[in-house]
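Undergrad: A structural model of the following input is requested.
(2 chains)
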Amino acid sequence: GENVEQHPSTLSVQEGDSAVIKCTYSDSASNYFPWYKQELGKRPQLIIDIRSNVGEKKDQRIAVTLNKTAKHFSLHITETQPEDSAVYFCAASISGSARQLTFGSGTQLTVLP
Amino acid sequence: EAGVAQSPRYKIIEKRQSVAFWCNPISGHATLYWYQQILGQGPKLLIQFQNNGVVDDSQLPKDRFSAERLKGVDSTLKIQPAKLEDSAVYLCASRTTSGRGYEQYFGPGTRLTVT
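TA: Numbers count the residues shown, from 1 in each chain, chains lettered A, B, ... in the order given. Modelled structure (predicted):
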């Protein structure tokens, strides 16, 4: 089955700096890659996603890039703010009726004021 | 629209006891998932339903875990008997099968502590 590796496990940045989180996946059939943000004690919430027919997607301060050849994708957060502090999970899915998500192990992002 | 509802939010039980969790998905969402999230890890899929049928339960420890989705709406997940390693947050998620249908919406989860 699919395996998703996520790095780093913890990341501290100064407010205003950029943060980058990287994930690799094993199944070349995967074609949907969402990123979820989970604040302490709360539910995971989708912040951005990308499909394999697109190489990059941006939404304000957040962007995701996908390299299908290398089977890796990354989350980029620019101009970080304290409220960006949370655990971020990447995931991968194969299209079809199942569309099951395989999650990475998470990255604890801390934005220092 | 109302989100995914789960109850209870917290549960503490002793090992070998049984426990049940309830999930009410977003109205109209045909697909429902149960995930187990152990502290410090990503959610791990336990079981997936499409309407009231099981799509995948390959990662469900069937000797102690069971789940059902009667009438294709609400779902319950049961553990009997519980073990210490079952301590985790149990997340329910739902997804529509119409249109894009990619995003999974998560409930707030049930935090289970087994002592």
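
Undergrad: So what are the sheet partners of the worst-scoring helix or strand of chain B on mean pLDDT and their directions?
TA: Sorting the helices and strands of chain B by mean pLDDT, DSSP states H and E puts strand B:53-56 at the bottom, at a mean of 92. In the sheet, strand B:53-56 lines up against strand B:44-50 (antiparallel) (DSSP bridges).

Undergrad: And the contacts of the strand it pairs with?
TA: Applying Cβ atoms under 8 Å, 6 or more residues apart in numbering or on different chains, the contact partners of strand B:44-50 are A:97-98, A:100-103, B:30-38, B:54-57, B:59-60, B:65, B:67, B:69, B:72, B:75, B:77, B:97. Every residue, glycine included, has its C-beta placed from N, CA and C.

Undergrad: Also stretch B:18-26?
TA: Against stretch B:18-26 from outside (Cβ under 8 Å, 6+ apart): B:1-8, B:11, B:13, B:32, B:34, B:73-82, B:90, B:92, B:94, B:96, B:105, B:107, B:110, B:112.

Undergrad: Please narrow these to those residing in strands.
TA: Counting by DSSP state E, the contacts of stretch B:18-26 place B:5-7, B:11, B:13, B:32, B:34, B:75-79, B:90, B:92, B:94, B:105, B:110, B:112 in strands.

Undergrad: which residues touch the residue in chain A positioned nearest to chain B?
TA: Per Cβ to the nearest Cβ, A:Phe103 is where chain A lies closest to chain B, at 3.2 Å. Taking Cβ under 8 Å, 6+ apart, we find A:Phe103 in contact with A:Val4, A:Tyr36, A:Phe89, A:Cys90, A:Ala91, B:Gly42, B:Pro43, B:Lys44.

Undergrad: go again using 7 Å as the cut-off
TA: Neighbouring residues of A:Phe103 by Cβ atoms under 7 Å, 6 or more residues apart in numbering or on different chains: A:Val4, A:Phe89, A:Ala91, B:Gly42, B:Pro43.

Undergrad: Pick the one among the residues you listed closest to A:Ser12.
TA: Nearest to A:Ser12 among those: A:Phe89, at 18.0 Å, using Cβ to Cβ.

Undergrad: how many other residues sit next to the closest one?
TA: For A:Phe89, the count of nearby residues is 27 (other Cβ atoms under 10 Å in any protein chain shown).

Undergrad: Run through the bridge partners of it.
TA: For A:Phe89, the beta-bridge partners are A:Tyr36 (DSSP bridges).

Undergrad: Closest residue of chain B to chain A?
TA: Distances between chain B and chain A by Cβ to the nearest Cβ are smallest at B:Gly42, namely 3.2 Å.

Undergrad: about what we covered before: selection in ChimeraX covering whichever of the contacts of stretch B:18-26 are buried, please.
TA: To isolate the buried members of those in ChimeraX, using 16 or more other Cβ atoms under 10 Å in any protein chain shown:
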select /B:4,6,11,13,32,34,73,75,77,79,82,90,92,94,96,105,107,110,112
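
Undergrad: Do you have the helices of chain A handy? List them.
TA: For chain A, helices defined by DSSP state H do not occur.

Undergrad: for the record, mean pLDDT for stretch B:29-46?
TA: Mean pLDDT, stretch B:29-46: 94.

Undergrad: sorry, back to before: let me know the closest of the contacts of A:Phe103 to A:Ile21.
TA: A:Phe89 (9.4 Å).

Undergrad: ok so, going back, give me the pLDDT for the closest residue to the residue of chain B closest to chain A other than its chain neighbours.
TA: The shortest distance from B:Gly42 to any non-neighbouring residue, by Cβ to Cβ, 6 or more residues apart in numbering or on different chains, is to A:Phe103 (3.2 Å). Model confidence at A:Phe103, given as pLDDT, is 95.
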